[in-house]
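# Next one to model:
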Amino acid sequence: MSSENNIPPQKGNGRRKGPWSQSEIERLKRSFGLKTDALIARDLNRSVESVRRMAKRVFSGEEKTGPWSAREVQALKNYIGVSSLESVSLILRRNPNEIQRKVEELQSLAASGPWVSDDIQVLKRLYGTRTNQDLVLILGRPESDIVEKANELCLAKDKGFSRRGSGNGSTPMPRWSQAEIERLRELYPITPNLQIAQDLNRSVKSIVSKAHDLNLKKSPERLQAMGRENVSLRYGKQAEQE
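Numbers count the residues shown, from 1 in each chain. Below you'll find the model as predicted:
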C-alpha cells in the first residue's frame, strides 16, 4: 500500500511541493508559533502559504472552552512576545478573545516575591529578546522587580531586539488578508510594483515577496513595457549628462 510519505515531492522555483512527510510535520509542530511563518517556510523549503495551510490542518480540532489547565497557561506563556494572537489561538484551540482575557488576568496577578532558581534561569534566557511587559506575564512579577533583578545580573537587551523596538530595524508587515491576496493576483501581472504597493499600502519588497510565494508572473505585455521604461530611463539619463 502506498503512502503520501513515499510520493516524491515536486519542485518549482526551488520550493518543495506535494505531500508533506511526517518529519516535516513534526518540525512544523515544534516551530510554529515560536518562529515566524517565513522562517519556518525557509527552513522547510516550502512556501509561506503551504506552511499556513498545513498548520491549520495540524492544529485543527474542536475549540476549547472553560477553565484553563496549568499546562495551557504555561504554553501560553511560551508564546507571549514571539507569536501572533492568531497563531496562539490556532495552537491552543482557544478563541482569541478568551486568550486576550487570560493575558489580562495574568497581568493582574503579577506580584512580588522571592526569586527561585527556575525564574532566574527564565529571566536570563528571555530578557534579551522579550519586552519587560512580556516578562511581567511570563514570570508573574511586577516590571520593577524584573528590572531590578536584570540590573543585578547585568542583563541587557540584545542589540537587534533593541533596534526593532526603537523603530530602527525592519518592522514585520501585517499578515495578508484573503481580499489583499486576491487584489494582488488581479494587479500583479499588469501593474507596476510601486503602484501595487501604494494600492495595498505595503512595501515594494513585500509585494515582490508575496508574488513569489504565490508564483505570480508579469504578463508579456507588462514585461515589454518595463523594458521600454528601462531603455527610456537609461537614454534619458545619458541625454542629461550630455
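
# For stretch 147-157, list every residue counted as buried.
Neighbour-count burial for stretch 147-157, with 16 or more other CB atoms under 10 Å as criterion, is recorded at 149-150, 157. Quick note: C-beta positions are derived from backbone N, CA and C, even for glycine.

# Confidence-wise, which of those residues comes last?
Ranked by pLDDT, those bottom out at residue 157 (84).

# And the strands in the chain?
Using DSSP state E, the strands assigned to the chain run over residues 10-12, 15-17.

# looking at these, which has the lowest confidence?
Of all the strands of the chain, mean pLDDT reaches its minimum on strand 10-12 (a mean of 44).

# And this structure, what are its domain boundaries?
Taking automatic domain parsing as the criterion, the chain consists of the domains 20-60, 63-109, 112-165, 178-232.

# Can you tell me which of these is packed in deepest?
domain 20-60 (a mean of 17; mean count of other CB atoms under 10 Å).

# Endpoint to endpoint, that one covers what distance?
Start-to-end span of domain 20-60 (CA to CA, to the nearest Å) is 16 Å.

# any residues touching stretch 142-154, and which ones?
Outside stretch 142-154, the residues within contact range by CB atoms under 8 Å, 6 or more residues apart in numbering are 110-112, 115, 120, 123-124, 127, 132-133, 135-136, 139, 156.

# Identify the farthest-apart pair in those.
Within those, 111 and 156 form the most distant pair, 25.6 Å apart (CB to CB).

# So for this protein, which residue is the most central one in space?
In the chain, the C-alpha nearest the mean C-alpha coordinate belongs to residue 36, at 3.3 Å (CA atoms, centre = their mean).

# and that residue, backbone torsions?
Backbone torsions for residue 36, taken as degrees, to the nearest 10, come to phi -70, psi 160.

# any idea how far residue 129 lies from residue 64?
29 Å (CB to CB, to the nearest Å).

# same question, residue 115
33 Å.

# same thing with residue 17?
To residue 64, residue 17 is 33 Å away according to CB to CB.
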